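> got a predicted model here, sequence first, then my questions.
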Amino acid sequence: MGWYPSVPGSNTTLTRKITVSSGAAALNQSRPVQRELPRAREFIQSLHALQLNLSMVKKSRSPTSAKMKGIISYFAALIRERKHGSSDLLQKLGTRIPVYQHTHSECFLRPEASLSDESAAAAQCFTSTAWKLQRPQVSAADFEYLKVIGTGSFSKVLLAKYKENSRYYAVKVLQKHIILKKEAEGNIICERNVLVKTLNHPFLVRLHFSFQTKERLCLVLDYASGGELFYHLQKVRVFREPRARFYAAEMASALGYLHSLHIIYRDLKPENILLDSEGHVVLTDFGLCKEDIVGRATTKTFCGTPEYLAPEVLQQQEYDRTVDWWGLGAVLHEMLYGLPPFYSADRIKMLGNIIYQPLVLKAGVSKAGRDFLKSLLNKDRSKRLGAKHDMDELKRHSFFSSVQWDDLVAKKIPPPFIPLLSGPDDLTNINPAFTRLPVPESLGVCEEAGVTFPGFSYVNENISLMST
């Protein structure tokens, strides 16, 4: 599920792209639940210690200092008097004091952690020297919502203008009750965490803000006005090799960077590859990422999109980061030949082809290009290109011999295609099947009780506060 997933009502020839997962195993295993807060006394003592330290600081008439003390006092009193579970606790805290927000992903409360660990993490948020007061938290009312630019199984993506600086963003809006029904909390947590970790790469979408209402979660992302790679590929069916190589190089750079952070992407497909206003790749949708995969460590979760799944995933075997290089090979094959490798309209046959059939490459692609595809689409992951030295092996392949990698990352290489745009809010490259959909009238509160996702809200001050 990218920004602009499978088109509703589309008459395209490729009716595919269904992301799959294996239930709870694909969602980081567990759901956040309300529980009694253990070791509340130790937690309160930590807060009192912090309050004592603050009182020893030179007294200031600053309202910031007073507010800080008020937060700590309220937090301690709430735990002492109510002793609710952590989710309910932080929901109440967020309702009363929405002005303060910790931006570090380490303090995002993970559902698989024990509640005692949650207490320690929350205490760390308050006692860490890294914690600081932030600007007022962004809310749904701070945006003007203009058009629908994508839909998913439990989300919509809206083009929106931020009222404070008049910039345009893509706001991914997710319905909480659907997330809970589908037990998809793990995906959302992972996506938010990865977005916070990956702000410094030119070919990965950037998170500017995240916030929540009672019924929705919202991720405020770059608006990639060039649209989906899939949308452009459908128009021309195939790309010429130089254009395909350019996109493949930028994708490889993004994937290599994720791997350096011990993250496997696991869902590379043309729908998740966007183009910015200059024609550069923007990789988006990190909901199926797997974190903490160091070196050649493996995982076994069955998830992804069928056309692009590596054979070891289909066979439910252990797999590693090389599934991303298989995915790159599958997308490159589609760019050069018009279809993913092993494709069949019969889905069962296609999956069998991926596992058992040899790769057959027709003429029309250079020898280096065919060799590169064969190396990426090797069914034996231990012999796949990138198995030993990851991205470095791809850089050394003859298919990329003309690529100056430092220039590529610096965006000094002119893209082979530059979208024609009339302005920052141009929708020319967005599929009309989305833009024709009605914009939701309200992002307000739903009738049922809200469920808080602790720590979800975020403000990236480094890239979000400049005016246009």
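Here it is on my side, so go on.
> and stretch 169-184, end to end?
Counting by Cα to Cα, to the nearest Å, you get 24 Å between the two ends of stretch 169-184.
> next, the buried residues of that stretch.
By neighbour count on 16 or more other Cβ atoms under 10 Å, the buried set for stretch 169-184 is 169-176, 179, 184. (Each C-beta comes from the backbone N, C-alpha and C, glycine too.)
> identify the farthest-apart pair in the residues you listed.
Across the buried residues of stretch 169-184, no pair lies farther apart than 169 and 184, at 23.0 Å, counting by Cβ to Cβ.
> domains of this protein?
With domains defined by automatic domain parsing, the chain comprises 40-127, 140-224+429-464, 228-409.
> the ones you listed into a markdown table, with extra columns for distance to residue 422 and mean pLDDT?
Shown next, in a markdown table, are the domains of the chain (distance: least, Cβ to Cβ, whole Å; pLDDT from 0 to 100):
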| stretch | distance to residue 422 | mean pLDDT |
| --- | --- | --- |
| domain 40-127 | 35 | 42 |
| domain 140-224+429-464 | 11 | 87 |
| domain 228-409 | 11 | 97 |
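> as CSV, those domains with distance to residue 416 would be great.
Shown next, in CSV, are these (distance: least, Cβ to Cβ, whole Å):
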stretch, distance to residue 416
domain 40-127, 35
domain 140-224+429-464, 15
domain 228-409, 4
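> for residue 421, find the nearest of those domains.
Closest to residue 421 of those is domain 228-409 (Cβ to Cβ; 5.7 Å).
> just checking, which of the buried residues of stretch 169-184 belong to helices?
Counting by DSSP state H, those place 176, 179 in helices.
> now flag whichever of the buried residues of stretch 169-184 is closest to residue 290.
Within the buried residues of stretch 169-184, proximity to residue 290 (Cβ to Cβ) peaks at residue 184, which comes in at 15.1 Å.
> can you tell me how far the closest one is from residue 288?
According to Cβ to Cβ, to the nearest Å, residue 184 and residue 288 sit 11 Å apart.
> same question for residue 234.
23 Å.
> who's more crowded, these two?
In this view residue 234 and residue 288 are compared by other Cβ atoms under 10 Å, and residue 288 has more residues nearby, 24 against 17.
> okay, how far is it across stretch 306-313, tip to tip?
Using Cα to Cα, the end-to-end distance of stretch 306-313 comes to 10 Å.
> now do stretch 298-314
Using Cα to Cα, the end-to-end distance of stretch 298-314 comes out at 15 Å.
> helices of the stretch 151-300 of the chain, residue ranges please.
Remark: helices assigned in the stretch 151-300 of the chain by DSSP state H, counting those that start in this stretch are 176-181, 185-197, 229-236, 241-260.
> and those as CSV, adding distance to residue 309?
Below are those laid out as CSV (distance: least, Cβ to Cβ, whole Å):
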stretch, distance to residue 309
helix 176-181, 24
helix 185-197, 17
helix 229-236, 17
helix 241-260, 16
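> nearest to residue 438, of these?
helix 176-181 (18.4 Å).
> so what does that closest one touch, helix or strand wise?
Helix 176-181 sits against strand 216-222, with contacts defined as 3 or more Cβ pairs under 8 Å, 6 or more residues apart in numbering; DSSP states H and E.
> wait, what's in contact with residue 378?
The contact partners of residue 378, by Cβ atoms under 8 Å, 6 or more residues apart in numbering, come to 384-385.
> check the secondary structure at it for me.
Under DSSP: H, G, I helix; E, B strand; the rest coil, residue 378 falls in the coil class.
> how far away is it from residue 182?
Residue 378 sits 34 Å away from residue 182, going by Cβ to Cβ.
> ok so, going back, just the closest of the buried residues of stretch 169-184 to residue 419, please.
Nearest member of the buried residues of stretch 169-184 to residue 419, counting by Cβ to Cβ, is residue 170, at 15.2 Å.
> contact partners for that closest one?
Taking Cβ under 8 Å, 6+ apart, we find residue 170 in contact with 3, 149-150, 157-160, 220-224.
> same question for residue 311.
Contacts for residue 311 (Cβ under 8 Å, 6+ apart) come out as 354-355, 379.
> let's see 10 Å
For residue 311, the contact set (Cβ atoms under 10 Å, 6 or more residues apart in numbering) comprises 317, 319, 323, 326, 342, 351, 353-356, 377-381.
> helices and strands around the one helix or strand residue 351 maps to, which ones?
Per DSSP states H and E: residue 351 is located in helix 347-356. Applying 3 or more Cβ pairs under 10 Å, 6 or more residues apart in numbering; DSSP states H and E, one finds that helix 347-356 makes contact with helix 311-314.
> mind checking which of the helices of the stretch 151-300 of the chain is nearest residue 432?
Ranking the helices of the stretch 151-300 of the chain by proximity to residue 432 (Cβ to Cβ) places helix 229-236 first, at 10.2 Å.
> got the buried residues for the closest one?
By neighbour count with 16+ other Cβ under 10 Å, helix 229-236 contains the buried residues 229-234.
> try stretch 274-282
Neighbour-count burial for stretch 274-282 [16+ other Cβ under 10 Å]: 274-277, 279-282.
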